[in-house]
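Colleague: I would like the atomic coordinates for the input below:
(chains A and B)
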2 protein chains.
Amino acid sequence: MADETSLPDDAPAAFAPPPLRDEDDAISAGFLEALRETLATGDRDTARLLTEDLHEADLGAILEALEPEERTGLIQLLGTAFDFTALTELDESVRVQILEELPAAAVAEGVRELDSDDAVYILEDLDAAEQAEILAQIPSIERQALKRSLDYPEESAGRRMQTEFVAVPPFWTVGQTIDYMREEEDLPESFYEIFVVDPAFHLLGTVALSHVLRSKRPTPISELVDEAHHLVPATEDQEEVARMFERYNLVSAAVVDEDGRLVGVLTIDDIVDVIQEEADEDLKALAGVNAEEEISDTVLWTARSRFPWLFANMFTAFVSASVIGAFESAIAGMVALAVLMPIVASMGGNAGTQAMAVTVRAIATRELRGRTARRVLARELSVGFLNGAVLACFVGSLAGFWFGDPHLGVVIGIALVLNLIVAGTVGVLVPMTLDKLKVDPAVASSVFVTMTTDSVGYLAFLGLATWWFALR
Amino acid sequence: MADETSLPDDAPAAFAPPPLRDEDDAISAGFLEALRETLATGDRDTARLLTEDLHEADLGAILEALEPEERTGLIQLLGTAFDFTALTELDESVRVQILEELPAAAVAEGVRELDSDDAVYILEDLDAAEQAEILAQIPSIERQALKRSLDYPEESAGRRMQTEFVAVPPFWTVGQTIDYMREEEDLPESFYEIFVVDPAFHLLGTVALSHVLRSKRPTPISELVDEAHHLVPATEDQEEVARMFERYNLVSAAVVDEDGRLVGVLTIDDIVDVIQEEADEDLKALAGVNAEEEISDTVLWTARSRFPWLFANMFTAFVSASVIGAFESAIAGMVALAVLMPIVASMGGNAGTQAMAVTVRAIATRELRGRTARRVLARELSVGFLNGAVLACFVGSLAGFWFGDPHLGVVIGIALVLNLIVAGTVGVLVPMTLDKLKVDPAVASSVFVTMTTDSVGYLAFLGLATWWFALR
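Modeller: Here you go, the predicted model:
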């Protein structure tokens, strides 16, 4: 239904905006068209009408669906009606493009309205000069708070935290606490627990809001305090923090500075993004893609970021090729070997990738801790042997039948079993070793694992064939 | 420090438990040893002392660190002091093992103490007979609630929801609501918003607890209601629900039955597990590993679950091999071709995997919606061409130099560019097509992508070489 009260006098009597999303859940063509119409005519009232009740996530989706040159146009047309929180919902490349095009004064104005964590999230991607230009236009107190967050390392708890929170002394009663929350203006938009602090702002514990609500007014806060709070140092890496939230099912956690003083709060909605990011990073890393690559990146940026992996793969491919090179005369004598050898290498590569993916995830989710490497290794060796033996029967029969030579079938079968056992071994050992060396196993494992399974595949098959057929 | 008040008289005067976790954050050997000691001697008091203040996640980690045969021993030694919530923190295979060994009466007793969502989570993995045996020992009202949740499909909102929640009519005041929460015994352990319902239990809206706390007692609840609530049908798939939580930064959401009546609530801590699971599934699927594989599975189960992927890979490997087979005479005439051909195939496979991983994730996170396939495809084609051209120079020089034949360098270079363009194309088209066909792109893409890049790699290189060297 139309919201007629906010319509200007000259607007049509009934305003029915087109549906926001189509059946694929994408922003609908009709909605985008209506919005483009307002951009073309500079019709601010209709633009505001179209976007006023939208959630920041939907507004962000609209910006991404627009052409790059239309995005700042829309933001400037909306003016003060534009909710800058929407910028936190964008891919980094889109956000940076918009922020670079908008006047610094407009960004400063918009960022001031936000919770501190959202403001920092928007500012942190900009280069130092632009950041400084925007910060200069923000009043001193707010600027100091933002600067302090920005001084913490990237991907740290200090960067992600919100500096607005509710803290009370332990000797207050539930009634005093409720009265304080009712009267104090400058509290976060929503929160789930309150912090109990001493005069030096050291955290004594937390109280869930539902516990405050369910207790009588005269109850002292000190009786409700949950002391098993989970403190996060502001310099802690966000991945460690996410792990803690997951393990202990937290909804929020206190962030403390180097002196143990409460400086902010992390809430689960920020952590959900971190968990998603980290899982995404692992998946992309295993496939040799830069963790930060987004589907909206430019061709040149994408090509450059993917190049190093392909370049490394070139060298490992030459290593495997040199193994084949050592058997040139065997291949010249029996071309069937060249036809069949990639089968052994490829199946080994796949088995190695399976073992590696499981190991990398087990390391990432800390499941491997407490299990001995020996136990995991023994398991993968056995799996490799079992599957190798069964597959060897199929591959051996197919290959022997194809070239009418049962000996060839036996040789490829044995080579396959060997390579699948090796695949299981390196699939476990490579990520574990990299982890011990403090290298992210997700990033570097694939190169080593496939190099090994390729080389061993060729070596086992061609070597065995040379020996077998020379003996015959 | 020791908690002496709960020590039995004959215990040592000071009880200092060993540290729970070692420097690797795994359960420490010392702690496990102390626990095993109590198991050996049946020393229930010390066992309880060791575990009484532990978070369910830590208790779960201890169970996983113990040998399988020790786990039920510990649970039975602890008796009523064992918190069954810990079972929700275990790998499925460990949980099932424990539940099968424990007497049904003990499980029924333990499960009754839990929130409904945790109870369902524990019961759902058991087979129907065991489930029935345990449910039979739970009082009727609780049993009906559990059964209703278990009747919803696996991985649906109805399975994950908690059936305990706070619902009030809109005409109540803040004061009435607070008084109700103070007096009502049967409320969830902790909650973040209250639901406003009509007499038929249709949801009218939600109120964040912080808004209740910050309003004066006479304020009617109807004034605080946020009507932009996000309703979840009980049959909705958990992945869709997780997407909604992420998109709108929700902390909890109401679950409704087919008549639109409020039946439960989903909270972010359950959703965090879903998000983690789904990302995990994508990563494992891309590597050809069953989503449910856990590091604690048996060898036989693991081998069987990984076999189908390797078996499929066997056929695709034979397809690629048959491409090589068509060029037997060319290879017989020039063995260098056999040595170099895997380089083209392998680098194409890697480039294809990169494009595929990005596309699969963009589909999973719904980022691809609203972007035309054409735009994404054009981007990958360009990236493939760019990286192909640069790498062709390196590979061509190395190969030409190795075999002392610049022609070979030119041929492999051109073949590489072609294969990298094809890799980008199939890396995008295969997952997108599978998604259109309602097949999970993460599960099936790799097979098709690597088969294509292998076959095209061999075909381009060997075909081009045959043509080029025949011409010379």
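Colleague: contacting residues around residue A:193?
Modeller: A:206-209, A:251-252 (CB atoms under 8 Å, 6 or more residues apart in numbering or on different chains). Heads up, the C-betas are built off the backbone N, CA and C, glycines and all.
Colleague: how close does residue A:226 sit to residue A:204?
Modeller: 10 Å (CB to CB, to the nearest Å).
Colleague: who has more neighbours out of the two?
Modeller: residue A:204 (17 against 12; other CB atoms under 10 Å in any protein chain shown).
Colleague: of the contacts of residue A:193, which is the nearest to residue B:70?
Modeller: residue A:251 (33.6 Å; CB to CB).
Colleague: you'd agree that closest one is up against residue B:250?
Modeller: No - counting by CB atoms under 8 Å, residue B:250 is not a contact partner of residue A:251; they are 11.8 Å apart.
Colleague: quick revisit: now, which of the contacts of residue A:193 lie close to chain B?
Modeller: Near chain B, judged by CB under 8 Å from any CB of the partner chain, the entries from those are A:208-209, A:251.
Colleague: okay, and which of these map to strands?
Modeller: Among these, the members falling in strands are residue A:208 (criterion: DSSP state E).
Colleague: now the ones next to chain B among the contacts of residue A:193 in JSON lines, with pLDDT?
Modeller: Output for those, formatted as JSON lines (pLDDT from 0 to 100):
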{"residue": "A:208", "pLDDT": "87"}
{"residue": "A:209", "pLDDT": "87"}
{"residue": "A:251", "pLDDT": "85"}
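Colleague: in CSV: the ones next to chain B among the contacts of residue A:193, plus neighbour count and distance to residue A:438.
Modeller: Converted to CSV, these look like this (neighbours: other CB atoms under 10 Å in any protein chain shown; distance: CB to CB, whole Å):
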residue, neighbour count, distance to residue A:438
A:208, 20, 37
A:209, 24, 40
A:251, 23, 32
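Colleague: using JSON lines, lay out the ones next to chain B among the contacts of residue A:193 together with distance to residue A:283.
Modeller: Output for those, formatted as JSON lines (distance: CB to CB, whole Å):
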{"residue": "A:208", "distance to residue A:283": "35"}
{"residue": "A:209", "distance to residue A:283": "36"}
{"residue": "A:251", "distance to residue A:283": "27"}
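Colleague: can you list the buried residues in the helix or strand hosting residue A:467?
Modeller: Element membership for residue A:467 (DSSP states H and E) is helix A:441-471. Across helix A:441-471, burial judged by 16 or more other CB atoms under 10 Å in any protein chain shown covers A:441-466, A:469.
Colleague: same question, stretch A:166-183
Modeller: Under 16+ other CB under 10 Å, the buried positions of stretch A:166-183 are A:166, A:168, A:170, A:172-174, A:176-178, A:181.
Colleague: tell me the secondary structure at the residue minimising distance to the centre of chain A.
Modeller: Centroid-nearest residue in chain A: residue A:277, 0.9 Å away (criterion: CA atoms, centre = their mean). Assigned by DSSP: H, G, I helix; E, B strand; the rest coil, the conformation of residue A:277 is helix.
Colleague: for the residue nearest to it when sequence neighbours are not counted, phi and psi?
Modeller: Spatial nearest neighbour of residue A:277, excluding adjacent residues (CB to CB, 6 or more residues apart in numbering or on different chains): residue A:291 at 7.8 Å. The phi and psi values for residue A:291, taken as degrees, to the nearest 10, are phi -60, psi -30.
Colleague: which residues are in contact with residue A:291?
Modeller: Residue A:291 neighbours (CB under 8 Å, 6+ apart): A:277, A:280-281, A:284-285.
Colleague: just the buried members of the residues you listed?
Modeller: Counted by 16+ other CB under 10 Å, the contacts of residue A:291 give A:277, A:280-281, A:284-285 as buried.
Colleague: show me where the stretch 51-200 of chain A dips below the pLDDT cut-off.
Modeller: Judged by pLDDT under 70, the stretch 51-200 of chain A has no weakly predicted residues.
Colleague: now the helices for it?
Modeller: Ranges of helices within the stretch 51-200 of chain A are A:56-65, A:68-78, A:92-101, A:104-112, A:116-123, A:128-135, A:140-151, A:157-160, A:174-183, based on DSSP state H, counting those that start in this stretch.
Colleague: surely residue A:65 meets residue A:25?
Modeller: No - judged on CB under 8 Å, residue A:65 makes no contact with residue A:25 at a distance of 12.0 Å.
Colleague: who's more crowded, the two?
Modeller: More crowded of residue A:65 and residue A:25, by other CB under 10 Å: residue A:65, with 19 against 14.
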